[in-house]
Every structure is written in C-alpha cells, then in structure tokens.
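**Student:** how would this look folded up:
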Amino acid sequence: MYKHDPSTPLVALKSWLLARVDKGERCPVCNQYAKVYKRKLNSGMAVSLVRMYKAAGLGWVHIPTVVGSRSREEGKLRYWGLVEEELEKRPDGGRSGYWRVTPLGELFIQGKASLYSHARIYDGRCLGLTGDQITIKDALTEKFDLDELMGT
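**Tutor:** Predicted coordinates for the structure are as follows:
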C-alpha cells in the first residue's frame, strides 16, 4: 500500500489510484480496496436471459419465480443493456425482483445483434464494454471463470 504525505493533493492521489485499479490497490486515503473487474457475458447469464424472454417476451418477469437461483447473475445483464430492473420498491423498501428483457436483449436472443464480450465493472457500475464481438451462441458456450474475473 502507498503511504502518502498528508500534504499530497487529492488529485495526485486519485491519479495514482486510477493507474492501478485494473490490477487492484488499496486507496491511500480511505484504505478501501479498489479494483476494476472484467465480467464476461457467460452461459449462465445467457440462459437466464433466454428464460426471461420465453416467460414474458419484453414484459416484466419475477426473477426468483421464473429463473430461480441458478446463476444469480441476471442483474449483470444490465451492463450490456440486455435487461432493465423494475424500480418500484416493495412496501418494506426492498427491490421487487422484477426485470424485463430490453429490445436489444430481444435482438441478441434472436441472433440479430452482437455485443462486446466483457464489461469493465467498478463499484457496481459499468465503465464500458470491451473484448471481442459475440453472439448469443458464443455466450452460451462461455462458462464462468473465477480466475479470469479475479485476474489471476
């Protein structure tokens, strides 16, 4: 970890950290671990996308009921613009669990659109897409790889 001089400007510390987040590093200010993860559009995600579409087309789907707890990665499909979450909260303030396939998701399922294979994720946000262009058939053959995700 980088020990900084308290007089170091924050802009310099931010620059230092940004140069290291692809591999991962502790923030010199708050000590939080900062890392950009490359998430692959994998077969578990693709299968869930198809199940959602088969259940309701472009309509809302209750993920726990329709898809179950197979991959628990359905929400990550949003990084590619393939699904969107119902934003209305339950009475207790929790998430509703409803998602729907987007028009782009429909085109992807139909083989009429290709997407970048990876999303660059930091703190739950997509910083951009990267990698090779893939189709739904390509995604269905890609297994989840923890070592690739962790960069090891």
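**Student:** mind listing what residue 68 touches?
**Tutor:** By Cβ atoms under 8 Å, 6 or more residues apart in numbering, the contact set of residue 68 is empty. Bear in mind the C-beta positions are built from the backbone N, C-alpha and C, glycine included.
**Student:** same question for the one 5 residues further on.
**Tutor:** Contacts here follow Cβ under 8 Å, 6+ apart; on that basis residue 73 touches 42, 44-45, 48, 144.
**Student:** where does pLDDT dip in this protein?
**Tutor:** Residue ranges of the chain with pLDDT under 70: 1-4, 69-71, 90, 93-94, 144-146, 148-152.
**Student:** now with 80?
**Tutor:** Scanning the chain for pLDDT under 80 picks out 1-6, 67-72, 88-96, 142-152.
**Student:** buried set for stretch 99-111?
**Tutor:** Under the neighbour-count criterion of 16 or more other Cβ atoms under 10 Å, stretch 99-111 has 99-102, 105-106, 108-109 buried.
**Student:** what about the longest strand in the chain?
**Tutor:** Counting by DSSP state E, the longest strand found in the chain is strand 125-134.
**Student:** and the residue nearest to residue 142 when sequence neighbours are not counted, how many neighbours?
**Tutor:** Leaving out its chain neighbours, the residue that sits closest to residue 142 by Cβ to Cβ, 6 or more residues apart in numbering is residue 42, at 4.6 Å. Residue 42 has 21 neighbouring residues, counting by other Cβ atoms under 10 Å.
**Student:** now the contacts of residue 73: which count as buried?
**Tutor:** By 16+ other Cβ under 10 Å, the contacts of residue 73 give 42, 44-45, 48 as buried.
**Student:** can you name the next helix or strand after the strand or helix carrying residue 105?
**Tutor:** Assigned by DSSP states H and E, residue 105 belongs to helix 103-109. As assigned by DSSP H and E, the chain's next helix or strand after helix 103-109 is strand 115-122.
**Student:** so what strands line up beside that next one?
**Tutor:** Strand 115-122 has its sheet partners listed here by DSSP bridges as strand 37-40 (antiparallel), strand 125-134 (antiparallel).
**Student:** so for that strand, what gets flagged as buried?
**Tutor:** For strand 115-122, the neighbour count (16+ other Cβ under 10 Å) marks 115-121 as buried.
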